[in-house]
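[1] need a structure here:
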Amino acid sequence: MKARNYRRVKGVPYTRTKYIHGAPQSKIVKFTMGTPSNRYEYQISLVATRKVQIRHNALEAARIAANRHLQEKLGNNFFLRVLPFPHVILRENKMIFGAHADRLQDGMRHAFGKPVGRAARINPGQPVIISYVNEDGVEAAKEALKRGRAKLPTPCRIVTEKMNVSSSEVKEIGD
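    Numbers count the residues shown, from 1 in each chain. So this is what the prediction gives:
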């Protein structure tokens, strides 16, 4: 089956791995990249505009694309986080087509399906990837999230926010 068959959110999520034998592991290697301990001035978010399921392959591809661009442009002076976790297990009732296939399968009888992948359910307005950068890296972060957006099966928008740092926190940093 193609990935587009799993985009639509329908039915109850199938998540109880305790009862599911043979469920594949998530392909997302890391959820956080860069230097989390630094203080950053800007937060750039990739926000989904539709309700959709995003497969773990697509999340990993978006993470790799965004991380690679940020590392080329900013070195290690950024922090990138992938927020959704692929909990939903996707199933497929595999069908064989061709001559004498009817002897090997039952069609839609017992069509529950076998686990084939994982996906994360995303709601409209939910951030998918967040990047924290300083003022000199805002354009690089926007470009990185734009490259990551191309890997996702839903339209997304990029939101830039300036982080609020109070004067007392600035004094603490200087001390």
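
[2] mind showing which ranges of this protein have poor pLDDT?
    Residue ranges of the chain with pLDDT under 70: 1, 99-104, 165-175.

[3] what's the longest strand in it?
    Assignment by DSSP state E gives strand 114-122 as the longest strand of the chain.

[4] any buried residues in that one, and which?
    Residues of strand 114-122 classed as buried: 115, 116, 117, 118, 119, 120, 121, 122 (neighbour count, 16 or more other CB atoms under 10 Å). Just so you know, the C-beta spots here come from the backbone N, C-alpha and C atoms, and that holds for glycine as well.

[5] and residue 131, that's in a helix?
    No: counting by DSSP: H, G, I helix; E, B strand; the rest coil, one finds residue 131 to be strand, located in no helix.

[6] can you pull the contacts of it?
    By CB atoms under 8 Å, 6 or more residues apart in numbering, the contact set of residue 131 is 43, 44, 45, 66, 70, 78, 79, 80, 81, 141, 144, 145.

[7] how close does it sit to residue 24?
    The gap separating residue 131 from residue 24 is 28 Å, by CB to CB, to the nearest Å.

[8] before we move on, what about residue 43?
    Distance from residue 43 to residue 24, by CB to CB: 32 Å.

[9] which one of those two is surrounded by more residues?
    residue 43 (17 against 13; other CB atoms under 10 Å).

[10] the more buried one sits in which helix or strand?
    Taking DSSP states H and E as the definition, residue 43 sits inside strand 42-48.

[11] now the element after that strand, going C-ward?
    strand 52-55.

[12] strand partners of that following strand, parallel vs antiparallel please.
    When pairing is defined by DSSP bridges, strand 52-55 lines up against strand 114-122 (antiparallel).

[13] which stretches of the protein form helices?
    56-74, 138-149, 167-174 (DSSP state H).

[14] and these as a markdown table, adding distance to residue 14 and mean neighbour count?
    Below are the helices of the chain laid out as a markdown table (distance: least, CB to CB, whole Å; neighbours: other CB atoms under 10 Å):
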| stretch | distance to residue 14 | mean neighbour count |
| --- | --- | --- |
| helix 56-74 | 14 | 20 |
| helix 138-149 | 27 | 21 |
| helix 167-174 | 44 | 9 |
